[in-house]
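Enquirer: starting from these lines, generate the structure:
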Amino acid sequence: MANVPPEIRDQLAQMIESKKSKQFRKSRSVDGPSVLAIATDADGIITIDSIQAALDELNSNMDAEDFAMGASAEGQLIMLAPNVWKRA
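Expert: A predicted model of the protein is given here:
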């Protein structure tokens, strides 16, 4: 930080701290049914965004697209449209 111009030093420090907190947040293993229960809306629809929100809520570092691909392969999700599913 000594070589960083003073104008951006605070911003850079905040960015570094934010990245550290994300990297070191406690990650739990999650089970598929829990994620799907949280991600499902009132109409029974699951989107990539709702999966990511559910994973974030459960403090998981898993990628939503990876989760959806796995759940689809296991027969837990049926694709309705790109990035939109319903539970099987």
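Enquirer: contacts and neighbour counts: CA atoms only from here.
Expert: Noted.
Enquirer: and the helix or strand containing residue 69, average pLDDT?
Expert: Residue 69 is part of helix 64-73 when elements are defined by DSSP states H and E. Mean pLDDT, helix 64-73: 94.
Enquirer: longest helix of the protein?
Expert: As assigned by DSSP state H, the longest helix anywhere in the chain is helix 6-23.
Enquirer: looking at it, residue 65 is touching residue 48, isn't it?
Expert: Yes - taking contacts as C-alpha atoms under 8 Å, residue 65 lies within contact range of residue 48: 6.7 Å.
Enquirer: ok, these two, which is more surrounded?
Expert: Set residue 65 next to residue 48 and count neighbours by other C-alpha atoms under 10 Å: residue 48 wins out with 18 against 15.
Enquirer: contacting residues for the more buried one?
Expert: Neighbouring residues of residue 48 by C-alpha atoms under 8 Å, 6 or more residues apart in numbering: 64-65, 68, 83-84.
Enquirer: count the residues that sit near residue 47.
Expert: 22.
Enquirer: quick one: low-confidence parts of this protein?
Expert: 1-2, 19-29 (pLDDT under 70).
Enquirer: one more pass at 90, please.
Expert: The model of the chain has pLDDT under 90 over residues 1-31, 59-62, 88.
Enquirer: what residue is smack in the middle of it?
Expert: residue 52 (3.3 Å; C-alpha atoms, centre = their mean).
Enquirer: how close does that residue sit to residue 62?
Expert: Distance of residue 52 to residue 62, given as C-alpha to C-alpha, to the nearest Å: 9 Å.
Enquirer: swap in residue 75?
Expert: 19 Å.
Enquirer: more neighbours: which of these two?
Expert: residue 62 (15 against 11).
Enquirer: now the closest residue to residue 62 other than its chain neighbours, what's its secondary structure?
Expert: Leaving out its chain neighbours, the residue that sits closest to residue 62 by C-alpha to C-alpha, 6 or more residues apart in numbering is residue 55, at 6.9 Å. Following DSSP: H, G, I helix; E, B strand; the rest coil, we place residue 55 in the helix state.
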